[in-house]
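Asker: got a predicted structure plus its sequence, pasted below:
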Amino acid sequence: MAGPAKKRFAAKDTAALVTSWLRTTENDRPYIYDQREQQRRKQQQSAEQTQGEPTNSAPALIAAPTPIPSRIATQPAIDPSVVDAVFRLQTPPEEAYNRRHNMITLQFKWAIEIVGEQNFECNFRDPRKVLGRSTPLYNQGIMAGLPLKILAWLAGTPGTEELVLPIEIFDAKSNGR
């Protein structure tokens, strides 16, 4: 019985603390408001004083450029060969389309021709080669717009010679075929 009584007592204490906090913040609001109002008046007065003074600078006709966030500014440029390979991987040949089932079947030999055999290395688990982890396509393919399923397939997951995907994964350009 001691356990539940303590919980009820703790709940009453919590309610009392919340109520007292609400009271103190309500009392503090006029003080905070007065400080903000005083700061606003000072800024307005200083702006009025500087308006009448002549300036040596010409009026700005062009808006100042907006700063670029650091994460965007430090992002490396995508290799043009990666962009080309991604575009070509997303536009498979006509024989890869199965319009009846709205599927596309990619052949691994076709992918090797597009990406280049020098970008693949031997895989000791499977007889099939896999896309090397140090290649630009492996490192920048997703940024260039390559679907993750295709990149994973090229990298060995799954280790099949064919990859069957729904047409929706591909770009609108290739859907119109």
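Answerer: Done, it's in. Numbering: from 1, shown residues only.

Asker: what about this structure, any weak spots by pLDDT?
Answerer: Applying pLDDT under 70 to the chain flags residues 1-36, 49-75, 171-177.

Asker: show me where it has strands.
Answerer: Listed in chain order, the strands of the chain (DSSP state E) span 97-98, 103-107, 120-121, 130-131, 162-166.

Asker: tell me which strands the third one pairs with, and in which orientation.
Answerer: Partner strands and pairing direction for strand 120-121 (DSSP bridges) are strand 130-131 (antiparallel).

Asker: likewise for the second one?
Answerer: Taking DSSP bridges as the criterion, strand 103-107 forms sheet pairs with strand 97-98 (antiparallel), strand 162-166 (antiparallel).

Asker: which other residues reach the longest one?
Answerer: Residues outside strand 162-166 that contact it (Cβ atoms under 8 Å, 6 or more residues apart in numbering) are 102-108, 147, 149-150, 153. All C-beta spots, glycine's among them, are computed from the backbone N, C-alpha and C.

Asker: before we move on, what about stretch 115-131?
Answerer: 85, 89, 108, 112, 132, 135, 137-138, 151, 154-156, 159-161.

Asker: just the buried ones from these?
Answerer: Listed as buried from these are 85, 89, 108, 112, 132, 135, 137-138, 151, 154-156; burial here means 16 or more other Cβ atoms under 10 Å.

Asker: narrow those residues to those in helices?
Answerer: Of the positions in those, 85, 89, 108, 112, 137-138, 151, 154 sit in helices, assigned by DSSP state H.

Asker: quick check, Leu154 in contact with Ala111.
Answerer: Yes: applying Cβ atoms under 8 Å, one finds Leu154 in contact with Ala111, separated by 6.1 Å.

Asker: before we move on, back to that, tell me the two of the buried ones among the contacts of stretch 115-131 that are most distant?
Answerer: The distance between the two most remote of these (Cβ to Cβ) is 17.4 Å, for Ala85 and Gly156.

Asker: follow-up on the earlier one: out of the strands of the chain, which one sits most buried?
Answerer: Comparing the strands of the chain by mean neighbour count (mean count of other Cβ atoms under 10 Å), strand 130-131 comes out on top with a mean of 21.

Asker: how does the protein divide up, domain by domain?
Answerer: With domains defined by automatic domain parsing, the chain comprises 1-46, 80-175.

Asker: of the ones you listed, which stretch is the most buried?
Answerer: Comparing those by mean count of other Cβ under 10 Å gives domain 80-175 as most buried, with a mean of 15.

Asker: please consider this matter closed, and thank you.
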